[in-house]
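Participant: need coordinates for the following:
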Amino acid sequence: MSEKNRDGKRNARERLAVEREKQKAAEKRRRALIVGASVICVLGLAAVIGVVAANSGKDKKSDTSGPVVSPSGATGKDSLAIPVGKDGAKSTLTVWEDFRCPACQAFETAYRPTIQELTDAGKLRVEYHLVTLIDGNMGGSGSRKAANAAACAQDAGKFRAYHDVLYENQPKETDDAFADNAKLIELAGKVEGLDTPAFRSCVNDGTHDSWVQKSNAAFQAGGFTGTPTVLFGGKNIYADQSMTPAKLKQMVEEANQG
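Facilitator: Residues are numbered from 1 along each chain as shown. You can find the predicted model right below:
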């Protein structure tokens with residue numbers, strides 16, 4: 001074999017070895033990102049559980065409740081769930097969430113594209129239950145007022161869009177910015193057609209405050225340990241450290257094939 005041929009084969013082997021190392025490094029980075037996202041969720045849940053242990057999370061406004069007014073289209077027991085997705089979807093995701101909760105925001109950021117893809121395809125229905133956990137633990141009323149505003153958006157048929165805007169503009173957990181109705185109305189301006197006199201009146205009057213408080217009471221009665229609590233097939237998938245958006249999508253796809 002000529003020296004030229006030997007050099008050519010050696011160079012080819014070296015290039016192949018370099019390519020293999022690149023692929024291994026890419027796979028390592030991919031796994032690190034998945035693990036990192038899971039750690040964020042687990043840490044967020046652990047923080048919430050720690051706070052729950054220190055305080056029951058009772059909504060201190062509950063003693064001043066008025067009549068319970070459910071938002072338009074609310075379903076489930078006592079009409080406490082806001083549904084997103086088609087009625088005929090084979091799979092249902094139940095989400096208990098607090099708009100002041102940073103772990104809820106982390107879940108939304110990671111899972112929203114997949115959840116919306118599945119709901120838009122008619123494969124998944126999501127039932128949102130709104131909670132005031134952080135108000136009770138940190139003080140303030142931003143959880144309740146943001147939940148009321150989201151229920152007002154549901155009355156206008158704009159829940160999903162406004163729900164996303166609230167998380168995209170979530171203040172720090174210790175900042176009760178959502179307690180300001182003017183702030184909630186300002187954010188409604190980011191959703192086309194939502195900032196109307198009817199919406200403003202609903203927000204300022206706290207039309208759904210008692211409904212929010214009743215939802216929070218149901219959360220406590222359910223024995224849940226923190227927000228978000230995300231149930232699929234009766235199992236809290238948020239507590240599953242191996243869960244990823246891709247795995248959730250696979251579970252929904254399999255349920256739809258059954």
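Participant: below-threshold pLDDT in the stretch 51-200 of the chain: ranges please.
Facilitator: Applying pLDDT under 70 to the stretch 51-200 of the chain picks out residues 51-65.
Participant: could I get the full set of strands for it?
Facilitator: For the stretch 51-200 of the chain, applying DSSP state E, counting those that start in this stretch gives strands covering 82-84, 91-97, 124-130.
Participant: just the pLDDT at K28, thanks.
Facilitator: We have a pLDDT of 47 for K28.
Participant: with G234 instead?
Facilitator: For G234, pLDDT reads 88.
Participant: what is the burial count for it?
Facilitator: 6 (other Cβ atoms under 10 Å). In this view, the C-beta of every residue, glycine as well, is placed from N, C-alpha and C.
Participant: check T196 too.
Facilitator: Counted with other Cβ under 10 Å, T196 comes out at 13.
Participant: which residues does the nearest residue to it once chain neighbours are set aside contact?
Facilitator: Distances taken as Cβ to Cβ, 6 or more residues apart in numbering place A156 nearest to T196, at 7.0 Å, with adjacent residues excluded. The contact partners of A156, taken as Cβ atoms under 8 Å, 6 or more residues apart in numbering, are G193, L194, T196, A198, F199.
Participant: same deal with M138?
Facilitator: Here M138 is in contact with V51, R100, E173, T174, D176 (criterion: Cβ under 8 Å, 6+ apart).
Participant: out of those, which is nearest to N216?
Facilitator: R100 (12.5 Å; Cβ to Cβ).
Participant: the closest one reaches K172, doesn't it?
Facilitator: No: in terms of Cβ atoms under 8 Å, R100 does not count as a neighbour of K172; the distance is 9.2 Å.
Participant: who's more crowded, the two?
Facilitator: For the pair R100 and K172, the greater number of neighbours falls to R100 (34 against 9), based on other Cβ under 10 Å.
Participant: mind checking how far the spatially closest residue to that one that is not a sequence neighbour is from Q213?
Facilitator: Among residues not flanking R100 along the chain, I134 sits closest, at 3.9 Å (Cβ to Cβ, 6+ apart). Distance of I134 to Q213, computed by Cβ to Cβ, to the nearest Å: 14 Å.
Participant: those two: who's more crowded?
Facilitator: With neighbours defined as other Cβ under 10 Å, I134 and Q213 compare such that I134 has more, 27 against 23.
Participant: hang on, the more buried one packs against E173?
Facilitator: Yes: contact criterion Cβ under 8 Å: I134 and E173 qualify, at 6.4 Å.
Participant: find residues that contact each of those two.
Facilitator: Joint contacts of I134 and E173 (Cβ under 8 Å, 6+ apart) are R100, C101.
Participant: how much space between T229 and A239?
Facilitator: From T229 to A239 the distance is 8 Å (Cβ to Cβ).
Participant: the two: which is more packed in?
Facilitator: Shown here are T229 and A239; by other Cβ under 10 Å, T229 has more neighbours (22 against 14).
Participant: neighbour-wise, which one of the contacts of M138 leads?
Facilitator: R100 leads these on contacts (other Cβ under 10 Å) with 34 neighbours.
Participant: got JSON lines for the contacts of A156, with distance to P245 too?
Facilitator: JSON lines is the format used below for the contacts of A156 (distance: Cβ to Cβ, whole Å):
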{"residue": "G193", "distance to P245": "30"}
{"residue": "L194", "distance to P245": "28"}
{"residue": "T196", "distance to P245": "34"}
{"residue": "A198", "distance to P245": "36"}
{"residue": "F199", "distance to P245": "32"}
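Participant: so which pair among the residues you listed is furthest apart in space?
Facilitator: G193 and A198 (11.2 Å).
Participant: let's see which of the contacts of A156 end up in helices.
Facilitator: Of the contacts of A156, the ones assigned to helices by DSSP state H are A198, F199.
Participant: which among the contacts of A156 end up buried?
Facilitator: L194, F199 (16 or more other Cβ atoms under 10 Å).
Participant: what sits against A177?
Facilitator: A177 sits in contact with G142, P171, K183, where contact means Cβ under 8 Å, 6+ apart.
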